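In: Kindly generate the corresponding structure for this input.
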Amino acid sequence: MSKPLEIIINGARGRMGQMLVTCATGDPDLHVFAAVDTGDDFASTVPGADAIIDFSHHSAIEPVLARCMEHQKTLVIGTTGHTDAQIAAIKHASGQIPIVFAPNYSIGVNTLFWLTRKAAEILGPGFDLEVVEMHHRFKKDAPSGTAKRLVEILAEVRELSYNKDARHGRQGIVGERTNAEIGVHAIRGGDVVGDHTVIYAAQGERVELTHKASSRETFARGALRAALWAHDKPAGLYDMQDVLGLK
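Out: I've put the predicted structure just below:
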């Protein structure tokens, strides 16, 4: 058997970090070189690893990128909620190292991404588009990165803009729905791991695509699969559609 991939899990004390450690520990192709979190010396661990899986917080992305570029390490980014400047920094870093940057690492959700695009293409402009997501009460960003990506996919098909045409909830006398807007709605409560529904609504019929996650294990195994896939790839910016061969 070949040498296991040495990985660092950044954000190891969080919900996803703990699941990553558990799943990686049982995988013969992987070895957890270091499991670090806030207050730990992340920088000193980087030279000895092959890949870093970052599920810490988007505010930490700049130093993570800097250390990975310095030591030419593969990076899997699992955080969401990045600013435009942070996304630009990620794209810049991908010119030097392989980066997998995905809003969701679930195989099922990435199938939903693919189906969302196909359904929008087939159904055409006569269907109104809405995205609804629900997560546990502790989630800090809204909408979820997955919901945002679903809206982006719909916007790409319709030749619209997320920043301009996404409608985040509705309140008051907002007038009739326009043909251009794509609704996106975030629900928070309980211990929901992650539910996402894409709604295509027309006069007389409605199509809904839904994915429901019952365990974080699906996200963890997808992220670990991404690290193994990306390790021997050239520098570039990849996502789970690349990892799963859906492009």
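In: Give me the nearest residue to the most centrally placed residue in the chain, chain neighbours excluded.
Out: The chain has P103 as the residue nearest its centroid, 1.3 Å off, counting by CA atoms, centre = their mean. Nearest non-adjacent residue to P103, counting by CB to CB, 6 or more residues apart in numbering: G145, 3.4 Å away. C-beta: built from backbone N, CA, C; applies to glycine.
In: tally of neighbours for that neighbour?
Out: 18 (other CB atoms under 10 Å).
In: wouldn't it be in contact with N104 here?
Out: Yes. Taking CB atoms under 8 Å as the definition, G145 is a contact partner of N104 at 6.7 Å.
In: circling back: residues in contact with the residue nearest to P103?
Out: Listed by CB atoms under 8 Å, 6 or more residues apart in numbering, the contact set of G145 reads 80-81, 103-104.
In: same check, this time on F101
Out: Contacts of F101 by CB under 8 Å, 6+ apart are 77, 90, 94, 237-239.
In: Scan those and report the most crowded one.
Out: I77 (29 neighbours).
In: picking up where we left off before, among the contacts of G145, which pair sits farthest apart?
Out: Taking CB to CB as the measure, those span a maximum distance of 13.3 Å, between G81 and N104.
In: okay, the two: which has more neighbours?
Out: Neighbours per residue (other CB under 10 Å) separate G81 from N104, with N104 holding more: 28 against 17.
In: State the number of residues packed around the residue nearest to the more buried one when sequence neighbours are not counted.
Out: Excluding its sequence neighbours, the residue lying closest to N104 (CB to CB, 6+ apart) is T146, at 4.2 Å. Residues near T146, counting by other CB under 10 Å, number 26.
In: hmm, back to that, could the contacts of G145 be laid out in CSV, adding distance to G39 and pLDDT?
Out: Formatted as CSV, those follow (distance: CB to CB, whole Å; pLDDT from 0 to 100):
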residue, distance to G39, pLDDT
T80, 22, 87
G81, 21, 86
P103, 27, 86
N104, 28, 88
